[in-house]
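# Let me see the structure of the following:
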Amino acid sequence: MSESTARTSTVPTVTLNNGVEMPALGFGVFQVPDPGECERSVVAALDTGYRLIDTAAAYLNEDAVGRAVAASGVPREDLFITTKLWVQDTGYEATKAAFAKSLKKLDLDYLDLYLIHQPLGDYYGSWRAMEELYSEGLVRAIGVSNFYPDRLVDLIQHNEVVPAVNQIETHPFFQRTDYQVLMREHGVQIESWGPFAEGRNALFTNPTLTGIGAAHGRSVAQVVLRWLVQRGVVAIPKSVRTERIRENFDVFGFVLSEDEMTRISGLDTGVSAFFDHRDPVQVTRLNEARLPE
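Here you go, the predicted model:
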């Protein structure tokens, strides 16, 4: 990692497989559909120093993110904006149209990262379209989300551009360590969604995490984010509370020991806290989820 040069930001960066620098810590807006609340939280995040903002067509808040970016006064070149393609828009032509729609909602000339949100539908057609968008300079990097190892390797082996990022569920109870090794071998950066497992498995009162937090004078959330950063996992925590937004950003002033990292590794269950994207019931549910026009 190298120190980011983004104005007022002290977040280190990871280097993607095409040389693009991506902040190691960002701000997510999943489950923040209220336009005003989303805009306020993104403005607060940018004011705090976050430069990576992660949204998606399926979050229904790209417009609010775009307004917050415009209002922030942060130079565009200092920002790293990610959005995602939903299942109903997979396929070559549909992807081109969906990308243009997202870009318009965000009020941007280009994206920093565009992801296929789910490994469903005609994502091979989507990838061909995304490769063209990338070659045309409309997006600085392209990647995927929720791809399990078999789907990721297959996509890599049948296309020219290797995904720069795979954004997957990663938290203390589902650590994806072996998968991270596989991704690293293929040059794919792992990015965590749900770093706090949405509080499941009593994460915020877990004795191991609270004990480590107490030793550093830090919250459980800060311990988890620090653990991810030290593993080389990009994280995008979400909050609509300014004090939490700032707290989640303050994870670069302490270091977890090897023993503490090992203790956290012992929390891994190897099982999703949410659902398996290979479950036919979940595949049907995701395929049937339609976005409003």
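
# Look at the closest residue to residue 47 other than its chain neighbours and report its pLDDT.
Spatial nearest neighbour of residue 47, chain neighbours left out: residue 72 (7.1 Å); criterion: Cβ to Cβ, 6 or more residues apart in numbering. Backbone N, C-alpha and C define where each C-beta goes, glycine included. pLDDT for residue 72: 93.

# Now do the phi/psi pair for residue 72.
Backbone torsions for residue 72, taken as degrees, to the nearest 10, come to phi -70, psi -30.

# Tell me the spacing between it and residue 238.
Going from residue 72 to residue 238 by Cβ to Cβ, to the nearest Å gives 18 Å.

# What ranges does the stretch 51-200 of the chain have for its helices?
With DSSP state H, counting those that start in this stretch as the criterion, the stretch 51-200 of the chain has helices at 62-72, 92-106, 123-135, 149-157, 177-186.

# So for residue 32, which of those sits nearest?
Closest to residue 32 of the helices of the stretch 51-200 of the chain, according to Cβ to Cβ: helix 62-72, at 8.0 Å.

# Also compute the angle for that closest one relative to helix 92-106, please.
Using axes from the mean of the first three to the mean of the last three Cα atoms, to 10 degrees, one finds that helix 62-72 and helix 92-106 are set 40 degrees apart in direction.

# re the thing from before, look at residue 72 and residue 238 and report which has more neighbours.
Comparing residue 72 with residue 238 by other Cβ atoms under 10 Å, the one with more neighbours is residue 238, at 22 against 17.

# Burial check on the residue lying closest to that one once chain neighbours are set aside, number of neighbours?
Counting by Cβ to Cβ, 6+ apart, residue 238 lies nearest to residue 28, which is 4.2 Å off, once chain neighbours are set aside. The criterion is other Cβ under 10 Å. On that basis, residue 28 has 26 neighbouring residues.

# so who does residue 28 touch?
By Cβ atoms under 8 Å, 6 or more residues apart in numbering, residue 28 lies in contact with 54, 55, 193, 236, 237, 238.

# let's see it at 7 Å
Residues in contact with residue 28 (Cβ atoms under 7 Å, 6 or more residues apart in numbering) are 54, 236, 237, 238.

# ok, now residue 83?
55, 56, 57, 62, 102, 106, 111, 114.

# Just give me the closest of the residues you listed to residue 202.
Comparing the contacts of residue 83 against residue 202 with Cβ to Cβ places residue 56 closest, at 28.0 Å.

# Now do the contacts for that closest one.
83, 84, 117.

# Is it possible to get TSV of the residues you listed that adds distance to residue 145?
What follows is the contacts of residue 56, written out as TSV (distance: Cβ to Cβ, whole Å):
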residue	distance to residue 145
83	11
84	6
117	5
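
# Closest to residue 135 out of those?
Set against residue 135, the nearest of those by Cβ to Cβ is residue 83 (18.9 Å).

# Please name the bridge partners of the closest one.
Residues in a beta bridge with residue 83, per DSSP bridges, are residue 114.

# What count of nearby residues applies to residue 88?
By other Cβ under 10 Å, 17 other residues sit near residue 88.

# Would you agree it is in contact with residue 288?
No. Taking contacts as Cβ atoms under 7 Å, residue 88 lies outside contact range of residue 288: 9.4 Å.

# about what we covered before: need the helices of the stretch 51-200 of the chain in JSON lines (columns: distance to residue 42).
Putting the helices of the stretch 51-200 of the chain into JSON lines (distance: least, Cβ to Cβ, whole Å) gives the following:
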{"stretch": "helix 62-72", "distance to residue 42": "4"}
{"stretch": "helix 92-106", "distance to residue 42": "11"}
{"stretch": "helix 123-135", "distance to residue 42": "24"}
{"stretch": "helix 149-157", "distance to residue 42": "29"}
{"stretch": "helix 177-186", "distance to residue 42": "28"}
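
# Most tightly packed of the ones you listed?
Ranked by mean neighbour count, the helices of the stretch 51-200 of the chain are led by helix 62-72 with a mean of 20 (mean count of other Cβ atoms under 10 Å).
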